[in-house]
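**Q** my questions are about this predicted structure, shown below with the sequence.
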Amino acid sequence: NNENTSCKGLRFHIETYGCQMNTSDSEIVRSILCGAGHTPCSSVEEADVILTNTCAIRENAENKIWNRLAYFQSIRKKRQLANDVRA
């Protein structure tokens with residue numbers, strides 16, 4: 001199936017907010033993604049895929065994630081603009 005192989009080799013970045021359980025869950029996700037042939041990267045600017053892991057129980061973590069999502073959106077817009085300029 002071509003859909004399963006078209007995304008091989010994506011660079012991903014995981015940000016974790018909240019409790020220790022979230023950190024454990026993020027490590028599991030990281031392991032699965034690496035096992036599928038994807039590569040972790042240290043910055044969101046390098047990443048093809050950005051994953052955030054948080055919980056709604058800790059209000060501070062939830063507030064942080066809303067701010068990060070706005071930042072991710074700005075990166076997406078910059079990438080679209082750069083792609084338009086190259087085209």
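**A** That came in fine, so what should we check first? Since the model is a prediction, treat every value here as computed from it, not as a measurement.

**Q** find the centremost residue of the protein, please.
**A** Most central in the chain under CA atoms, centre = their mean is Ile50, positioned 1.4 Å from the mean C-alpha point.

**Q** mind listing what that one touches?
**A** Each residue near Ile50 by CB atoms under 8 Å, 6 or more residues apart in numbering is listed here: 12-13, 15, 44, 72. Where C-beta positions appear, they are placed from N, C-alpha and C, glycine not excepted.

**Q** kindly report the same for Ile57.
**A** 18-19.

**Q** can I assume it sits in a helix?
**A** No: counting by DSSP: H, G, I helix; E, B strand; the rest coil, Ile57 is not part of a helix but coil.

**Q** where does it land on pLDDT?
**A** We have a pLDDT of 74 for Ile57.

**Q** one more: Thr5?
**A** On the pLDDT scale, Thr5 gets 46.

**Q** and stretch 41-52, average pLDDT?
**A** Rounded mean pLDDT across stretch 41-52 is 92.

**Q** now it: how far from the chain's centre is it?
**A** 5 Å (CA atoms, centre = their mean, to the nearest Å).

**Q** phi, psi for the residue nearest to the centre of the chain please.
**A** Main-chain torsions, Ile50, degrees, to the nearest 10: phi -120, psi 130.

**Q** all strands for this protein, in order.
**A** 11-16, 39-40, 49-53 (DSSP state E).

**Q** out of those strands, nearest to Asn60?
**A** Asn60 lies closest to strand 11-16 among the strands of the chain, at 13.6 Å (CB to CB).

**Q** and the contacts of stretch 25-41?
**A** 7-14, 16, 47, 49, 51, 53.

**Q** in that stretch, which residues are buried?
**A** 25-26, 30, 33, 38, 41 (16 or more other CB atoms under 10 Å).

**Q** pLDDT score for Val85?
**A** With respect to pLDDT, Val85 has a value of 66.

**Q** circling back to that earlier point, distance to Lys64 added to the strands of the chain, as a markdown table?
**A** As requested, the strands of the chain are exported to a markdown table (distance: least, CB to CB, whole Å):
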| stretch | distance to Lys64 |
| --- | --- |
| strand 11-16 | 9 |
| strand 39-40 | 21 |
| strand 49-53 | 9 |
